[in-house]
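*Asks:* the following comprises the amino acid sequence and a computationally predicted model.
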Amino acid sequence: MPPSARHSIESSNPLDLRALGWILWEKAWLIGALTMAALLAGGIYLSRCERVYSATTTIEVQTQQDKLLKPDAERADERTIGLVLKTIEQTLESPALLQRLAGRPELTADPDFRSAIESASSELKIQQIIADWISVDVRRNTNLMDITAEGFSPALAQRLSRLLVEEFVRSTAEDRVQVSRETQDLLRQEADRLKAALEKSETKLQQYKEQHRAVSLEEKQNIVVERLKELNQRVTQARAERLKIEADRAQLTQLAGEAPMRLLLLPTVANAPEVAEVQRRVSEKGAELAALRLRYKPEHPKYLEAQSAHAELEAHLDAAILRAADLVGTALEAARASEAKFEEALRGQESIALELSEMAIPYQTLAREVESDRALFASLLARLKESDVAQGVPPYAIRIVSPAALPERPIRPNKKIVLLLTLCGGLAAGLTAALGTRAFDRSLR
């Protein structure tokens, strides 16, 4: 290049495109060399870098297992499903499950797995290594979960993803069985305690029955109640009868000295059996006399005979009324005696009822205690049977939707990205070196 042209270029603006292009052309060999070196370094990195493969198992979580035991259970809401999925996600990444996974014979026999954990000095380190390989993602608005495992070989990645799901299912089943057994042990202990309490309360109740002869206490109380009702009715009837007779006696005193027929106004006298019978005969004889009056004259012997018999019956009726009036006092005393008798019987029955009521208070207390213990014992037995049925049945079911497939190519390193980055880096280094050397040459001049 002529010196004048070079000088003109050098004296021009540093940002002149012609000058920049000339510099790049002059230093193309340097840019190319650095670019090739960067590509060579990227190739060496790719050849020496360990390849990492990834395999994913997709599972579906079914949260309706409880309907096997409770068919009428309502469908779980979204919040419950979300909590279940979150719990499963945390469990899949838990150190305890990863430790169980590390002990699986399928992994311990894998040379790639052994070489990956041979530098680990403790179980915690092994857990951390496996945790770095595992990732769990829940698909939004679904019951699906992706369990992704990474490994230094396709078989290891596939095996890790598959075994993690299997170990989770096995661990969940074992934990469920263990919890069910512990629950059953507690329920059996409680059942034994309630059984002893029930036997004790039944024994107390039986002893009380034998001590107070209260084997059929409820039946006795029913009989006493019916008897009280009957005696109350009889006392009421006897009192009403006494009051009626007392009223009749008071009227009888007022009607003293009057004609006997006036005494028929008193129910006690009118209802006397003898008076009622004589009245009936007088009525019959009066009807007969009326019939004879229509057929015979008053002087006829038959009529006179009938008239005499009628008069005799009326005299007999007056005598019967007087006798019935004399018996009112006797009837009053009998009514008073009857009322007193029924009242005494009522008081006695009330005393018996009170005794039975006093006896029934502790009896009912003991009976309620027995019923309560029996109900608790029956409820506990039902829960124990449900626990037997539910043993080993998880609250959710795991279904493998898509098992982990054997990966065909590694996910790391990414050859295209590495080569692209090295190419860009080489070009950047070449450009920087070209511009830097040119600037250095000018400073020397």
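*Replies:* That came in fine, so what should we check first? Since this is a predicted model, take the numbers as computed values, not measurements. Residues are numbered from 1 along each chain as shown.

*Asks:* how near is the closest residue to residue 110 other than its chain neighbours to residue 163?
*Replies:* Spatially, and ignoring its direct neighbours in sequence, residue 110 is nearest to residue 156 (5.8 Å; CB to CB, 6 or more residues apart in numbering). Placement of C-beta: from N, CA and C, glycine included. Note on residue 156: its distance to residue 163, by CB to CB, to the nearest Å, is 10 Å.

*Asks:* which one of the two has more residues nearby?
*Replies:* Comparing residue 156 with residue 163 by other CB atoms under 10 Å, the one with more neighbours is residue 156, at 22 against 19.

*Asks:* so which residues of the stretch 1-150 of the chain form helices?
*Replies:* Along the stretch 1-150 of the chain, the segments classed as helices by DSSP state H, counting those that start in this stretch run 3-11, 17-26, 28-48, 78-92, 95-102, 105-108, 111-117, 123-133.

*Asks:* which elements pack onto the shortest one?
*Replies:* Helix 105-108 sits against helix 154-212, with contacts defined as 3 or more CB pairs under 8 Å, 6 or more residues apart in numbering; DSSP states H and E.

*Asks:* what do you get for the fourth one?
*Replies:* Identification of packing neighbours for helix 78-92 by 3+ CB pairs under 8 Å, 6+ apart yields strand 53-62, strand 134-138, strand 144-151, helix 154-212.

*Asks:* 10 Å instead, please
*Replies:* Using 3 or more CB pairs under 10 Å, 6 or more residues apart in numbering; DSSP states H and E, the elements in contact with helix 78-92 are strand 53-62, helix 95-102, strand 134-138, strand 144-151, helix 154-212.

*Asks:* got the buried residues for it?
*Replies:* 81, 84-85, 88-89, 92 (16 or more other CB atoms under 10 Å).

*Asks:* most packed of the helices and strands packed on helix 78-92?
*Replies:* Mean neighbour count (mean count of other CB atoms under 10 Å) peaks for strand 144-151 among the helices and strands packed on helix 78-92, with a mean of 21.

*Asks:* tell me what that strand is packed against?
*Replies:* Right, strand 144-151 is packed against strand 53-62, helix 78-92, helix 111-117, helix 123-133, strand 134-138, helix 154-212, strand 397-402 by 3+ CB pairs under 10 Å, 6+ apart.

*Asks:* one more time with 6 Å
*Replies:* If you count contacts as 3 or more CB pairs under 6 Å, 6 or more residues apart in numbering; DSSP states H and E, strand 144-151 packs onto strand 53-62, strand 134-138, helix 154-212.

*Asks:* worst mean pLDDT among those?
*Replies:* Per-stretch mean pLDDT for the helices and strands packed on strand 144-151 is lowest at helix 154-212 (a mean of 85).

*Asks:* report the angle between that helix and helix 78-92.
*Replies:* Here helix 154-212 points in a direction 120 degrees away from that of helix 78-92 (axes from the mean of the first three to the mean of the last three CA atoms, to 10 degrees).

*Asks:* and the angle for helix 154-212 with strand 53-62?
*Replies:* On the basis of the same axes, to 10 degrees, helix 154-212 is oriented at 30 degrees to strand 53-62.

*Asks:* next structured bit after helix 154-212?
*Replies:* Next in sequence after helix 154-212, counting helices and strands by DSSP states H and E, comes helix 217-254.

*Asks:* I'd like the next helix or strand past that next one.
*Replies:* Following helix 217-254 toward the C-terminus (DSSP H and E): helix 267-270.

*Asks:* after that following helix, heading C-terminal, what element do we hit next?
*Replies:* By DSSP H and E, the next helix or strand past helix 267-270 is helix 273-295.

*Asks:* tell me the helices and strands packed up against that next one.
*Replies:* By 3+ CB pairs under 6 Å, 6+ apart, helix 273-295 packs against helix 301-390.

*Asks:* same thing but 10 Å
*Replies:* Against helix 273-295 (3+ CB pairs under 10 Å, 6+ apart) you get helix 267-270, helix 301-390.

*Asks:* out of the ones you listed, nearest to residue 44?
*Replies:* Checking the helices and strands packed on helix 273-295 against residue 44 by CB to CB gives helix 301-390 as the closest, at 60.9 Å.

*Asks:* pLDDT on the closest one, on average?
*Replies:* 79.

*Asks:* kindly calculate the angle that it makes with helix 154-212.
*Replies:* Using the same axes, to 10 degrees: helix 301-390 against helix 154-212 is 150 degrees.

*Asks:* next, the angle from helix 301-390 to helix 217-254.
*Replies:* Going by the same axes, to 10 degrees, helix 301-390 makes 160 degrees with helix 217-254.

*Asks:* how distant is helix 301-390 from the center of its chain?
*Replies:* 50 Å (CA atoms, centre = their mean, to the nearest Å).

*Asks:* next one: stretch 36-51
*Replies:* Centroid separation for stretch 36-51 versus its chain: 65 Å, with CA atoms, centre = their mean.

*Asks:* related to what we said a few turns ago, can you say which of the helices and strands packed on helix 273-295 is nearest to residue 229?
*Replies:* helix 301-390 (9.9 Å).

*Asks:* list the helices and strands that closest one packs on?
*Replies:* Helix 301-390 packs on helix 154-212, helix 217-254, helix 267-270, helix 273-295, going by 3+ CB pairs under 10 Å, 6+ apart.

*Asks:* nearest to residue 118, of the ones you listed?
*Replies:* Closest among the helices and strands packed on helix 301-390, using CB to CB: helix 154-212, at 14.2 Å.

*Asks:* coming back round to it: please enumerate the shared neighbours of residue 156 and residue 163.
*Replies:* Common neighbours of residue 156 and residue 163, using CB atoms under 10 Å, 6 or more residues apart in numbering, are 107, 149.

*Asks:* excluding its backbone neighbours, what's nearest residue 296?
*Replies:* residue 303 (4.4 Å).

*Asks:* near the one you found, how many other residues are there?
*Replies:* Residue 303 has 16 nearby residues by other CB under 10 Å.

*Asks:* tell me the spacing between it and residue 316.
*Replies:* Distance from residue 303 to residue 316, by CB to CB: 20 Å.

*Asks:* ditto for residue 152
*Replies:* From residue 152 to residue 316 the distance is 140 Å (CB to CB).

*Asks:* now swap in residue 95 and tell me
*Replies:* Counting by CB to CB - residue 95 and residue 316 are separated by 123 Å.
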